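Engineer: following is a predicted model, sequence given first.
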Amino acid sequence: MTIKVKKFSADWCSSCKTLSRNLEGKSYEELNVADEEIAKEARENGIRNLPTTLFYKDDVLALKKVGVFSAKEYDDIVEKLLETAP
């Protein structure tokens, strides 16, 4: 079982910077919507607000979280995803 995390953000987004600080040392892929390919992926995933973090379990979207959250919340989400059956 694998958990992957993608965080969509932008350089101008202060909440995105806060979330990056909160998640320092955590495993996630940072995707900046200033890049046209990333912006396209964001649109395809229905992302309308930043920051938006997508949690995947075995390559299937398990949770979409919008806004800022703590490192503890990140850990709790990952732990819960790992505990639940596929």
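Structural biologist: Received it, and whenever you're ready, just let me know what you need. Predicted model, so just to flag it, every value in this text is computed and none were measured. Residues are numbered from 1 along each chain as shown.

Engineer: in which helix or strand would I find the residue positioned nearest the centre of the chain?
Structural biologist: For the chain, the residue sitting closest to the mean C-alpha position, by CA atoms, centre = their mean, is residue 53 at 2.1 Å. Residue 53 belongs to strand 52-57 when elements are defined using DSSP states H and E.

Engineer: quick one: average confidence on the helix or strand that comes right after that strand?
Structural biologist: Moving toward the C-terminus from strand 52-57, the next helix or strand (DSSP H and E) is strand 60-66. Mean pLDDT, computed over strand 60-66, is 97.

Engineer: what's in contact with strand 60-66?
Structural biologist: 45, 46, 49, 51, 52, 53, 54, 55, 56, 77, 81 (CB atoms under 8 Å, 6 or more residues apart in numbering). C-betas here are computed from N, CA, C, even on glycine.

Engineer: residue 54 is in contact with the last one, correct?
Structural biologist: I take that to be residue 81. No: between residue 81 and residue 54 there is no contact, the gap being 11.9 Å when judged by CB atoms under 8 Å.

Engineer: now do residue 12 against residue 83, distance only.
Structural biologist: 37 Å (CB to CB, to the nearest Å).
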